[in-house]
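K.L.:
Could you work out the structure for the sequence below:
(2 chains)
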Amino acid sequence: ETGVTQTPRHLVMGMTNKKSLKCEQHLGHNAMYWYKQSAKKPLELMFVYNFKEQTENNSVPSRFSPECPNSSHLFLHLHTLQPEDSALYLCASSQVPANYGYTFGSGTRLTVV
Amino acid sequence: GDSVTQMEGPVTLSEEAFLTINCTYTATGYPSLFWYVQYPGEGLQLLLKATKADDKGSNKGFEATYRKETTSFHLEKGSVQVSDSAVYFCALRSQGGSEKLVFGKGTKLTVNP
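P.N.:
Below is the predicted model:
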């Protein structure tokens, strides 16, 4: 139990599908993050939310749409993805300020076919 | 901008060998420094941290010392085990900056029996 729960753990979707990834944290943190981890590439920060407000969007394509309804929940809505979007998507949370670093979830392994 | 450089992997060791994974950083002021570990199929877990110069972080036999003069935070363990096989990430959080952590590219460690 890491305190940050991601569902589903694995997802296979077609390029025309719409799906959503869910992240929930039970740590009382006020910041949440989406990262993309692809094979042989560095971790890529996608989005940052502080107190439910998006504070960073690292030029992520619009086919990825985040949603943060409250400080405990974070979603990543996916539509018309490409095969190169296949990756491990990691959610993390932290206090504000993040003096103690982040707590990560176990990730969702996404395969786009 | 702030950055983290860690040694290229992969690193392969025999059980009970001594481990060093080098990490250097570029940042203004006094960032907080972290080591994360990622086991196969999992998210990142915080291994240890240090928040000021000369601090030593330690956990599970791993140690790292915050060296301001050499801008380094090298990870060490005196005797590795097969169960230490994982990918290790060095990261920093800027002093007084955003909540963003800056990660190194990761170093894959394999320990053979």
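
K.L.:
I figured residue B:93 was touching residue A:96, is that so?
P.N.:
No. Assessed by CB atoms under 8 Å, residue B:93 is found out of contact with residue A:96, at 11.8 Å. Just so you know, the C-beta spots here come from the backbone N, C-alpha and C atoms, and that holds for glycine as well.

K.L.:
Contact residues of chain B facing chain A?
P.N.:
Chain B has residues B:32, B:34, B:36, B:41-46, B:49, B:51, B:89, B:91, B:93, B:98-101, B:103-106 near chain A, with proximity defined as CB under 8 Å from any CB of the partner chain.

K.L.:
Which residue ranges of chain B form strands?
P.N.:
Assignment of strands within chain B using DSSP state E yields the ranges B:3-6, B:11-14, B:19-21, B:23-26, B:32-38, B:44-50, B:56-59, B:62-65, B:75-77, B:86-93, B:101-103, B:107-112.

K.L.:
Could I get the average pLDDT for the second one?
P.N.:
Right, the one you point to is strand B:11-14. Mean pLDDT, taken over the full extent of strand B:11-14, equals 97.

K.L.:
Same question for the first one.
P.N.:
Rounded to a whole number, the mean pLDDT of strand B:3-6 is 94.

K.L.:
Mind giving me the packing neighbours of it?
P.N.:
Taking 3 or more CB pairs under 8 Å, 6 or more residues apart in numbering or on different chains; DSSP states H and E as contact, the helices and strands that strand B:3-6 lies on are strand B:23-26, strand B:86-93, strand B:101-103.

K.L.:
With mean pLDDT and mean neighbour count as new columns, can those strands be given to me in CSV?
P.N.:
Written out in CSV, the entries for the helices and strands packed on strand B:3-6 read as follows (pLDDT from 0 to 100; neighbours: other CB atoms under 10 Å in any protein chain shown):
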stretch, mean pLDDT, mean neighbour count
strand B:23-26, 96, 18
strand B:86-93, 95, 24
strand B:101-103, 91, 23
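
K.L.:
any residue of the helix or strand where residue A:77 lies up close to chain B?
P.N.:
With secondary structure defined by DSSP states H and E, residue A:77 is part of strand A:73-79. No. With CB under 8 Å from any CB as the threshold, strand A:73-79 lies outside contact range of chain B, at a closest distance of 14.0 Å.
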